[in-house]
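A.B. asks: Requesting a structural model of the entry that follows:
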Amino acid sequence: MASYDVFFFGVLFFLLGILFASLKLGFWILVITALAVIAFFGLAFWKKNRKFAWPAFLAILIIPGAMYFVGDDVNFRNSQNIVFEKQISFAGVVANNPVMKNNSQEFYLRLEEPLGGRVLIRTAPYPRFNYGDELSLAGEIQRPEGGYADYLAKERVGGIAAFADIRFVSSGRGSAFKAWLFGIKNSITDSFQRVLPGPEAAFLSGLTLGGTSGFSDDFKQAMSLSGTTHLVALSGYNITIIVWAVMGVLLLFFRRRASFAIVSLVILCFVLMTGAESSVVRAAIMAFLVLLAREAGRVYDLRNAIIFTGLAMVLVNPKVLVFDIGFELSFLAMLGIVYLRPVLQKLLRFKENAGFLSWKDNLLTTASAQLMVAPLLIANFNNFSLTSLAANVLVLEIIPLTMAFGFLIALASIIASPLALVLGWLVWPFLKFEMFVIRVFAELSVPLLFEFGLLMGLAYYLAILFLIVYVNKRLAGK
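C.D. replies: Have a look, this model is predicted:
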């Protein structure tokens, strides 16, 4: 077995171990591992081919994967020293950039002694708190339950305190570098609000920096129904636009190696500035690997790049594999674009020419991503819209231009405020059109509302896998 195959299957089995431990399979992990080892050794003996013996040895990595998850979970539990369901006074430091909701703000508080761990704080939108603020609070910390507890544990959060009495103590208690990055993000958001109406400013902020802060509940629902929520999730699409735009500018002034180093630093800063969400981390790692392969003159192996990206993220936080829906949607969408999109292109007989305004390219990309995430969307949100293809085809073509205007407004607001205002007028029609399309197709959406259980999901993905293998083999035989 080639070294790159050993790497792929080794990582795959390790991740399966983390998956099984996340699902609390316990003793069955040993049973599954033993069956996998026996099955691969049996194949090697039956086929008289040693290449099947390698997966038999690598399948043992399921157990270290499970142990890694358990060890991480034990460390998390031990780090939480929280008094629940009692009126207490406690202090802590704001650990992230607060997220502004319609009627509240939310942030994670790193508790100070004698307590320990992190809690989610929900409080009034004003006064507005910032990363690194030291706060003194009085209230009750609630223990999260069920699936929400697993989600918060993924964020290393062990409790929730809603609308406690809060007193500001001091600022500057966090990382100076992260505080600087969050300050830049807030300045960019403020620059949009100065030159655009509230809804359009919030939408432009979502396109360029990610998130739905400032969105009305109706507009969030419209994005969900029209299948356009990914536009503000900072996926690979957004990161690719940013990376190649920055790279193109840098190559005008620097050599390729220097440009690579600067772009890598820009990617890192952008990830930290936008909160290191799963989709942006995945996209950033993939973008970095593409740039690194080009710089080193090596062949870029998509399969191994994808699984390496997943491994890197899971090693940092094993809980994202099962308890982070954004992680799962991001990787499924990417797998759809990488493997299903070429199959759809062949079946539909679309030529490489993108067509008028790239509608064919956008249609294929959207369809492949949506088909891959459909079971997950239905299972978690009871919603999957058939009209999402049309909505995405109409808006994707002008999203890069809209994002470019956004960054130009942020830059112009530093240099010349009148210029930023002019740019705001220029981008306003694009934002209005995009928001109009989102709302129209939300009204026209035909949601698929039915149960999508585990067995149906497995059957669905096996059918897609069969389609990919069948079409590729059929065309390879011609």
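A.B. asks: Can you report how many residues lie near G17?
C.D. replies: Applying the criterion other Cβ atoms under 10 Å, we find 26 residues in the vicinity of G17. In short, each C-beta sits where N, CA and C put it, glycine included.
A.B. asks: Doesn't it lie inside a helix?
C.D. replies: Yes - assigned with DSSP: H, G, I helix; E, B strand; the rest coil, G17 falls within a helix.
A.B. asks: For it, which non-adjacent residue is spatially closest?
C.D. replies: In space, not counting the residues next to it along the chain, G17 is nearest to G65; the distance is 2.3 Å by Cβ to Cβ, 6 or more residues apart in numbering.
A.B. asks: do the same with I398
C.D. replies: Leaving aside its chain neighbours, I398 sits nearest to F430 (5.5 Å; criterion: Cβ to Cβ, 6+ apart).
A.B. asks: for L423, same thing?
C.D. replies: Across the structure, with Cβ to Cβ, 6+ apart as the measure, the residue nearest L423 apart from its sequence neighbours is I409 (4.8 Å).
A.B. asks: tell me which residues in the strand or helix carrying the one you found are buried?
C.D. replies: In this assignment (DSSP states H and E), I409 forms part of helix 399-415. When neighbours are counted by 16 or more other Cβ atoms under 10 Å, the buried residues of helix 399-415 are found to be 399-400, 402-410, 412-413.
A.B. asks: Turn those into CSV, including distance to R173.
C.D. replies: Putting the buried residues of helix 399-415 into CSV (distance: Cβ to Cβ, whole Å) gives the following:
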residue, distance to R173
I399, 38
P400, 39
T402, 37
M403, 33
A404, 36
F405, 36
G406, 31
F407, 31
L408, 34
I409, 32
A410, 27
A412, 33
S413, 29
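A.B. asks: For the residue nearest to G17, give me its contacts.
C.D. replies: Residues near G65 by Cβ atoms under 8 Å, 6 or more residues apart in numbering: 13-21.
A.B. asks: pLDDT for those - can I get that in JSON lines?
C.D. replies: Written out in JSON lines, the entries for the contacts of G65 read as follows (pLDDT from 0 to 100):
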{"residue": "F13", "pLDDT": "90"}
{"residue": "F14", "pLDDT": "93"}
{"residue": "L15", "pLDDT": "93"}
{"residue": "L16", "pLDDT": "92"}
{"residue": "G17", "pLDDT": "92"}
{"residue": "I18", "pLDDT": "92"}
{"residue": "L19", "pLDDT": "91"}
{"residue": "F20", "pLDDT": "91"}
{"residue": "A21", "pLDDT": "91"}
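A.B. asks: how far does the helix or strand hosting F441 sit from the chain's center?
C.D. replies: Taking DSSP H and E as the definition, F441 sits inside helix 417-443. Mean C-alpha position of helix 417-443 versus that of the full chain (Cα atoms, centre = their mean, to the nearest Å) differs by 25 Å.
A.B. asks: elements contacting it?
C.D. replies: Using 3 or more Cβ pairs under 8 Å, 6 or more residues apart in numbering; DSSP states H and E as the contact criterion, the neighbours of helix 417-443 among helices and strands are helix 176-195, helix 198-209, helix 217-226, helix 388-396, helix 399-415.
A.B. asks: tell me the mean pLDDT for that helix?
C.D. replies: This predicted structure assigns helix 417-443 an average pLDDT of 92.
A.B. asks: In that helix, which residues are buried?
C.D. replies: By neighbour count with 16+ other Cβ under 10 Å, helix 417-443 contains the buried residues 420-421, 423-424, 427-428, 430-431, 434-435, 437-442.
A.B. asks: for I306, phi and psi?
C.D. replies: Note on I306: backbone dihedrals following degrees, to the nearest 10 are phi -60, psi -50.
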